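# Sequence plus the predicted model coming up.
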Amino acid sequence: MLIGILQCGHFPDELQGEVGDYGDIYQRFLADQGFDFAVYPVCDGTFPDGPTACDGWLISGSKHGAYEDLPWIPRLEALIRDIRDSQRPLVGICFGHQIIAQALGGHVAKFDGGWAIGRTAYHMVTDAPFDGDLWLNAWHQDQILRLPEGARLLASSDTCRNAVVAYGDQILTMQPHPEFNAPELSGLLQIKGVEVLSKAEMAKAQADLARPVDNARLARHVADFFQKVPT
């Protein structure tokens with residue numbers, strides 16, 4: 001199965017020598033699941049020929065906001081709708097979660113409660129695919145503040161209501177970063193954390209790097225999701 005990664009930004013240059021760019025990080029996240037990958041840096045204007053170029057699609061995180069006036073964002077929104085209409089499976093993570101909601105009629109904006117960074121509990125709601133909380137790494141201020149019509153809420157955190165969302169059986173999106181392990185988050189904290197976190201928040205986020213997260217559990221779920229959607 002060929003998974004197309006729609007890369008919407010670049011991981012910081014200072015960290016790419018250690019962890020690679022977003023395309024590399026997502027391939028590690030889904031490694032050993034039987035997939036092949038094609039990476040399309042849509043943020044640089046590189047798009048696939050259309051929604052049938054791959055069997056499934058994953059939209060990455062980004063430093064950009066879904067609401068920014070960038071030439072590739074409307075083109076990506078059109079592709080999202082084309083993927084939906086093609087019935088191919090689609091997964092969105094962080095920015096991907098937000099841009100899918102925006103493309104389908106939702107509203108994304110900066111959260112006035114500030115940033116969510118580090119190990120965070122995500123609480124399952126009715127009809128969610130997991131029992132109990134999921135612990136995943138967060139790195140965002142933007143959120144989906146209004147879901148599109150037909151979206152189904154699967155999980156929330158204490159600071160992010162619309163954290164995991166499904167659209168029928170074809171689209172799955174999440175605000176947290178299940179692809180971020182300690183090296184990715186530690187690097188971001190070192191070069192970006194001081195800009196947005198207090199000393200106490202920084203200390204907590206750094207201390208939590210040694211605590212377990214449910215990334216492997218999410219990777220299995222995302223892989224199952226891709227494989228179960230008929231194309």
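Alright, I've got the coordinates.

# Which element is encountered next along the chain beyond the helix or strand of the chain with the lowest mean pLDDT?
The helix or strand of the chain with the lowest confidence, counting by mean pLDDT, DSSP states H and E, is helix 194-196 at a mean of 81. Going down the chain from helix 194-196, the next helix or strand is helix 199-207, by DSSP states H and E.

# Please name every helix or strand in contact with that next one.
Contact here means 3 or more Cβ pairs under 8 Å, 6 or more residues apart in numbering; DSSP states H and E; on that basis helix 199-207 packs against strand 116-124. (Glycine included, C-beta is placed from N, CA and C.)

# I would like the residues contacting the least confident helix or strand of the chain, please.
Identification of contacts with helix 194-196 by Cβ atoms under 8 Å, 6 or more residues apart in numbering yields 114-115, 117, 141, 202.

# In those residues, which residue is surrounded by the most others?
For the contacts of helix 194-196, neighbours were counted using other Cβ atoms under 10 Å, and residue 117 has the most, 23 neighbours in all.

# Bridged to that one, which residues?
Residue 117 forms beta bridges with residue 139, as assigned by DSSP bridges.

# I'd assumed residue 201 was in contact with it.
Yes: counting by Cβ atoms under 8 Å, residue 117 does reach residue 201; the two are 7.1 Å apart.

# quick one, strands of the protein?
With DSSP state E, the ranges of strands along the chain come out as 2-6, 36-40, 56-59, 90-93, 107-110, 116-124, 134-140, 142-146, 151-156, 164-167, 171-174.
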